[in-house]
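Engineer: kindly generate the corresponding structure for this input.
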Amino acid sequence: MKNLPTLAAAVPLVLGLVLAAALTAAAPARADQNDDRLQGLFVQLLEAPGPAEAQSIEGMIWSIWVQSDDGAVRALMQDGNKRATVHYLLGNYALSLADIAKTLELEPRHFGALSGRGLVYIALRDEARALKAFDAALAIHPNLVSAAINAAQLRKILRERDI
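Structural biologist: Next up, the predicted model:
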């Protein structure tokens, strides 16, 4: 599996795993994924004409996800509890996937967690599941460049394997 994932592609996804861990650790006092502004922002994210426009919308979504009236939750989010990322980096993939699953239970549109799931499946050499995870992230955030690059590389690998 050459060049998967590329370092440049992995950085935003690892950040997604960091937030996934923070959201998981913060339950029950978690970031507000039910904020009324999110629905409109996700529509805008789908309709964004390109990565530059999408990046601004993505930033607004992340800022809502990390908001909290609880000072302890804010501190946790700022410190960035890295449990899912640490599990991923240590090769504890099942534990990383469990943290990601909890995040997606709280916020099914969490494109960062979906992309992080793709990275874990790449590490597990499960290219089909990795592609499914990246495609799910792209269905929410079509301009997520790192997920698009990884999905294209996975499609190529899977095509070549079928030949």
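
Engineer: so Ala137 makes contact with Ala147?
Structural biologist: Yes: between Ala137 and Ala147 there is a contact under Cβ atoms under 8 Å: 4.5 Å. (Glycine included, C-beta is placed from N, CA and C.)

Engineer: now for those two: what residues contact both?
Structural biologist: Common neighbours of Ala137 and Ala147 are listed as 111, 114-115, 118 (criterion: Cβ atoms under 8 Å, 6 or more residues apart in numbering).

Engineer: nearest to Asp162 among these?
Structural biologist: Nearest to Asp162 out of the shared contacts of Ala137 and Ala147 is Gly118 (Cβ to Cβ; 19.8 Å).

Engineer: how near is that closest one to Ser96?
Structural biologist: As judged by Cβ to Cβ, to the nearest Å, Gly118 and Ser96 stand 12 Å apart.

Engineer: those two - which one has more neighbours?
Structural biologist: A direct count of neighbours by other Cβ atoms under 10 Å for Gly118 and Ser96 places Gly118 higher, at 32 against 26.
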